[in-house]
Structures are given as structure tokens and as C-alpha cells.
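Visitor: A structural model of the following input is requested.
(chains A, B, C and D)
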Protein chains: 2
Amino acid sequence: MATILDVAKLCGYSKATVSRAFANPEQVTEKTRNKVYEAASAVGYTPDAIARAMVRGITENIAFIIYEKQYPVGLNPFYSPIFESILQTCAKKGYSLFVSSERDVRLPNGQVYIKKHMDGVILAGKTDAQTVMDLRRQGIKVVLVNSIVDFDDLICVTTDQYGGAVQAMRHLVERGHKKIGLIAGEFSQYVYSARYNGYVDVLKENGIELNYNYIQTIEATVEAAEKCVSAILQLEDRPTALFCTNDTIAVGAMKAVLRAGLRVPEDMAIIGYDDSEMCRLVEPELTTIRVDKELMGRIAAEKLIDQIEGRQTPGHIIETKTELI
Amino acid sequence: MATILDVAKLCGYSKATVSRAFANPEQVTEKTRNKVYEAASAVGYTPDAIARAMVRGITENIAFIIYEKQYPVGLNPFYSPIFESILQTCAKKGYSLFVSSERDVRLPNGQVYIKKHMDGVILAGKTDAQTVMDLRRQGIKVVLVNSIVDFDDLICVTTDQYGGAVQAMRHLVERGHKKIGLIAGEFSQYVYSARYNGYVDVLKENGIELNYNYIQTIEATVEAAEKCVSAILQLEDRPTALFCTNDTIAVGAMKAVLRAGLRVPEDMAIIGYDDSEMCRLVEPELTTIRVDKELMGRIAAEKLIDQIEGRQTPGHIIETKTELI
DNA sequence: GTGAAAGCGCTAACAG
DNA sequence: CTGTTAGCGCTTTCAC
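Guide: Numbers count the residues shown, from 1 in each chain, chains lettered A, B, ... in the order given. Predicted coordinates:
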């Protein structure tokens, strides 16, 4: 592997000049530059990013670490668009992106440790204060997505979970539904209760009494939702609408209804949550609550990079708006 | 940021011993080790991966680089499971994973250059010999997924594209279909022609004549497929079955059929390709050709890591089997 | 089992 | 504009 020294020798300039020709071309005359480049091509030289990172103290890499039990990282319909958005933002800013689902590695002494080929991380999903502190102690900047830890100087990018649930429920109520079921996924406490409260509160504000037969908590999979809703359809006095706390559940619910020979939404209205890709795949297409995942990813990446590059990043909780689709 | 020297000073041992306590614990007595760990915790020390990589010449990072125009990386229903599988394999082997859709960065001299915080890359999608050579010249090991470049010593993990298409077509023919349409996505030449040939050959072997009204090439999106199939449904003598060259197209086709008030598969049989997640979301569920994406990802990652760690990796083209679902 | 010393390949003052 | 020099933090012989 050719090093900077090989190039320097060949073109007759010093290491420093070769270095400048690549890292700060404007600091070198065009003539010199060309000679350097020529020599570099001749020996097949390419700067070594590791050595560079070592002396500069920065890697220009960040990591996106998802910690959710629900689905694997790459297949998660909610995080995929966020991931994609982060990826794009990184590309634009010249950063490379690590992806991982295991937040930490243990040193032989049992200490938590994250491989430090990165200047910062975006943590998504279940996150605790300790992790954030560990990371920071290692000199790594942190931004949270879809989770909140109460440090004043920590950026947490979230959505209005409660507001979205209220939007969904009001939509159903406005269309005349009084018997509305809740099929809730087993999400983190934070997400679960916000959506649950939205359900309960909208019923209350419309004077509709809770019917606990209509409320089910299940694993957030198509299969579980299908099974659960099939059972609900057997109820004497079955609901006319279902609020599903994510789209995967809504798709399962829809399958159950269609298989029972009923129509959506005439016989059973269904609303999902997240506005994932699948909403547009099924027929009829699913009503859902849009969460601006593209924006969440972009903000998270931009704020993180701002911090890495030493720009001030005021703000703590950044809440993006939801919208009915 | 505490360095190894801080720890050495505090515990009274040398840098070398501290280094060993973390990198090769067995080379140090337990007593020493504990003292080192204690001192490390006290000053908040954690080994610096960059410095480590610099002297050892290995990073324990690899990259997954997708070069496809079709969909963005993170949202690609075909590559997502491969990605997930690679991620898992990496985690198991102690490697971290970079993900990217832009294969290269250009140096000021115009040379292609990839940031070398990695020991190897898995290249997916459109790949050319030059890229492979550039990477190798930079000391980076390469494995290809879903693409082929003819170097004897280059591992290419693919599937039997032609065989899969034949399976799909035979399935339709066996169920008595004679008027079979082909809705082909604009994929790479390699994929496109393998699937196209499968279509043509099975028709031939059954003595069915090609009807060019039944063959359409479109952008591989739900919308394009829906539009295309809506038009096909208007044909005087419309087909009774459609072979769609991926599931996204098949889903679009299905939507068009259902919207026209027809039934799937009674009025129009539809078969997709890839066995992506969406097949199980739609109702009725989609018949498709399974491609073992989990296996492809795992093999690619394992072979790459084998190469990085200096193990022999014979073989060139590794073809995984397809299966009708 | 532990220490001393020599770099890994590069950048960043500081001179000239 | 270019060269000299001094490390970045760690691992790894080679001695002891």
C-alpha cells in the first residue's frame, strides 16, 4: 500500500505538500498539485482515512443505532424511512453512516464501550440516561429519535404521539362512529400511553363510554392483529371502527375483516398510525396518521452534525407534527 | 479524553501493560488486570479504536454499498432483508457495518476514493470491474451481491434468475393459463433478460405463441404497474394471468384488477417475484418466487470476513435456489 | 509477566 | 508556497 512518503519521494516534494495537495488543494500551486497527483496515480496512492482521523481527531462518521424489540432494524417500516433520510443527509454533508441494533460492546473489564470510529450517534427507540452519559464520556455527541431523556442539552426528535392519536380518533367520531375499538401494539410505555390516552380522551369528550371488550393489546404483527380482530368480529355487539396503533396492526385488522367477507370501510372503518409504505399497497388504501419520518431523520442528522462541527444547537425536545392521511 | 498513558500513570504500570490488559487480558496477571481496570474506570478511559486501527492495520468495519436506481437503499424491499442479514452476521462476528448508496467519493485529483475506515465492502446492484479493481487497489476486500463481474477470485452471490422465472411461468401454465402477460420492470440487463427469457422459453416449450400486446416494460413502481395493468384489462382478448417481474409490480397489478371489480386469482392470476414482505400484507396474499435473501446476505458477509481474516475463499459465483411460494 | 522503544500514516504549527 | 518537525494513541517486538 503506497503511503504519502512514496508520493513525496517520487514527485520530489515533502510529505506536507503532498498532504496539502489532497486535503487543502488551494494551498498549493497548480503546477505542484499536478505533479503530486501524477505521482500519486503512478504509485496508486490514496489518503489513509484512519491516519487522518487519528491526527485530526475526527472521523466524519456517525452511527444510527436502533434499539427496538419490535422488528429488526432493516425491516422496520417505521424506522426505514428515518434511516433513509439520515443516510441522505449524511451523504450531503460528507459523513458516512454506521448502522447497528446493538448499542454497545463490552470491554474485558465489563465496561460499556462503543467502537469509536464515529463522532456522534443517533439513538432511536428505547434509550436511557446512562447510555447517553456513557457515550458522551467517550467524546461522542448524541441525538435521540423517537424517545426522550431529560437532559437540557440533549436533542430529542419526536412526534406528537398524543395529538396524532386524537386526530385519528376524532376522524372516526366525526364520521359518526360510536363503537370504536382500540387495537394497541405493545410499544414502549411512552408511545403506548400517549396513544391510549388519545383514544380514551376523545371518547370521553364525546360522551362515549369505554367498552373494555373493544380494547386489545397485542404484539404488533400482522398475524396477531388478524387473529385479534377475527375474534372481535364475533362479538355480539361488534365495533364499527378500529383505531390500530400502527399500520402493521391495521393491515392485519383489514385482512381479518376482508376474510370475514365484510367491506372496509363500509362494514368496518380502520385507521392506522405511522403512514408507512404498506398503507398504499393494500386495497383499499389505509387511512392513517402521517408522521414526518423524512423530517425526523433529517433534523436528527443535521443537529448531530451541527454539534460535531461545533455549532450551537439550542433546543431540547423537537416535536414534529402529525397529519391525517 | 483519557488516554492509555493516564491509566498507566495512575496504576503504576506501563502503557504496554495497560494495552495488554484490554487487548489480550490473558497475557496479564489477574491482579495487574484488576488494578488497570480500576484505574481506567477512575479516569474514564476507553481504548481508542482509531489509534488501534492505525497500528494494527484493521478496522473491523465493513460496508454494504447498494447501487440501484430503483429505490433508495433503506426502503428497497429486496435489499432490506439482505441488509438485515448482513447486519446480523456482522454483529455475530464483531464487525460494524457502514451503509451507503454512493459507492465512491472523488479526490481533488479526480481519482475515485473510498473512505477507508473499512476492511471490506459488499457491493450490491450495478457493479463494474473498474470499481472492484479500484477498491482492491486500496486494500479493500470485495464481495458482490446480486451482480456478477468476471474475476476468477471474486465472490458473487446471486440467485438463479432464469430458473425462478421458469418456475413462475410453469406454475401459471400448469394451472391451465395460455394467455399470460409479462409486466417487466426496468431492471439491470442481467436481471431483465434472465426473467424475460424464462417467460419466453416456457411459452415456447408449451407451444404458446407470444402476444406482444401482453408484454409490457415499465418502471417498477406500484403506480406504473397499476396504470399499465388497467390498460391491459381493456384489451379485447385480455390475458388470464400475469407474470410480474417483482412483487411491487405484482401489487400494483393486483390493485388494478381489484379496482376493476375483478377477482384475484379467479379472473386474473398474478404471480410476483422476490417474495418480499408485502406479499403477505395484501389480500389475497401474493404468489411469488422466493429468493433466499437471508442466505444471500449471510453468505456475502461471511465470505467477506473470511477474506479479511485471511482464510481461503474458493468459489466465484454462488447461486442460491429459488422456490415457489 | 512486564517495560522500553519504535513506529502506524498523516496533519498542523512554525519557519523560511 | 513549501519544508521541518513533532506528535495523534495505540500495539508490538525485543529485552529483562
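Visitor: doesn't A:Phe98 fall inside a strand?
Guide: Yes - assessed with DSSP: H, G, I helix; E, B strand; the rest coil, A:Phe98 lies in a strand.
Visitor: pull the residues that contact the lowest-mean-pLDDT helix or strand in chain A.
Guide: Ranking every helix and strand in chain A by mean pLDDT, DSSP states H and E puts strand A:105-106 at the bottom, with a mean of 75. With CB atoms under 8 Å, 6 or more residues apart in numbering or on different chains as the contact definition, strand A:105-106 has outside contacts at A:112-115, B:94. Using the backbone N, CA and C atoms, a C-beta is placed for each residue, glycine as well.
Visitor: can you do 6 Å?
Guide: A:Tyr113 (CB atoms under 6 Å, 6 or more residues apart in numbering or on different chains).
Visitor: and if you look at stretch A:278-292?
Guide: By CB under 6 Å, 6+ apart, stretch A:278-292 touches A:159, A:164, A:167-168, A:247, A:250-251, A:264, A:271-275, A:320, A:322-323, A:325, B:251, B:255, B:258, B:278, B:281-282.
Visitor: is the least confident helix or strand of chain A in proximity to DNA strand D?
Guide: No - with CB under 7 Å from any atom of the strand as the criterion, DNA strand D is not reached by strand A:105-106; the gap is at least 13.7 Å.
Visitor: what residues does chain A have near DNA strand C?
Guide: A:1, A:3-5, A:15-16, A:19, A:22-24, A:45, A:47-48, A:51-52, A:54-56.
Visitor: list only buried entries from those residues.
Guide: A:4, A:19, A:22, A:45, A:47-48, A:52, A:54 (16 or more other CB atoms under 10 Å in any protein chain shown).
Visitor: which among the contacts of stretch A:278-292 count as buried?
Guide: A:159, A:164, A:167-168, A:247, A:250-251, A:264, A:271-275, A:320, A:322, B:251, B:255, B:258, B:278, B:281-282.
Visitor: which stretches in chain A count as strands?
Guide: Ranges of strands in chain A, per DSSP state E, are A:61-67, A:96-100, A:105-106, A:112-113, A:120-125, A:141-145, A:155-159, A:180-185, A:215-218, A:241-244, A:269-271, A:289-291, A:317-320, A:322-324.
Visitor: for the closest residue to DNA strand D within the stretch 101-250 of chain A, give me its contacts.
Guide: Across the stretch 101-250 of chain A, the shortest distance to DNA strand D (CB to the nearest atom of the strand) belongs to A:Lys116, at 9.1 Å. Applying CB under 6 Å, 6+ apart, we find A:Lys116 in contact with B:Ala49.
Visitor: let's see that with 8 Å instead.
Guide: A:59, A:138-140, B:46, B:48-50.
Visitor: how near is the closest residue to A:Glu226 other than its chain neighbours to B:Met254?
Guide: The spatial neighbour of A:Glu226 that comes closest, neighbours along the chain excluded (CB to CB, 6 or more residues apart in numbering or on different chains), is A:Gly252 at 4.2 Å. In this view, A:Gly252 and B:Met254 are 18 Å apart by CB to CB, to the nearest Å.
Visitor: also A:Val251?
Guide: With CB to CB as the criterion, A:Val251 and B:Met254 are 14 Å apart.
Visitor: what comes up buried for stretch A:196-207?
Guide: The neighbour-count check on stretch A:196-207 (16+ other CB under 10 Å) flags A:196, A:198-199, A:202-203 as buried.
Visitor: near DNA strand D, which residues of chain A show up?
Guide: A:12-17, A:20, A:26-29, A:31-32, A:51, A:54-55, A:57.
Visitor: from those residues, which are also near chain B?
Guide: Filtering those for neighbours of chain B using CB under 8 Å from any CB of the partner chain leaves A:51, A:54.
Visitor: check what pLDDT A:Ser85 gets.
Guide: Reading off the confidence values, A:Ser85 has pLDDT 94.
Visitor: the nearest residue to A:Ala63 once chain neighbours are set aside: what's it in contact with?
Guide: In space, A:Ala63 comes closest to A:Phe98 once its chain neighbours are excluded; the distance is 3.8 Å by CB to CB, 6+ apart. Counting by CB under 8 Å, 6+ apart, A:Phe98 makes contact with A:61-64, A:117-118, B:61, B:96-99.
Visitor: let's have the residues you listed in CSV, adding pLDDT and distance to A:Ala184.
Guide: Output for these, formatted as CSV (pLDDT from 0 to 100; distance: CB to CB, whole Å):
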residue, pLDDT, distance to A:Ala184
A:Asn61, 93, 38
A:Ile62, 94, 33
A:Ala63, 94, 31
A:Phe64, 94, 27
A:His117, 91, 39
A:Met118, 93, 36
B:Asn61, 94, 39
B:Ser96, 92, 35
B:Leu97, 93, 33
B:Phe98, 93, 36
B:Val99, 91, 32
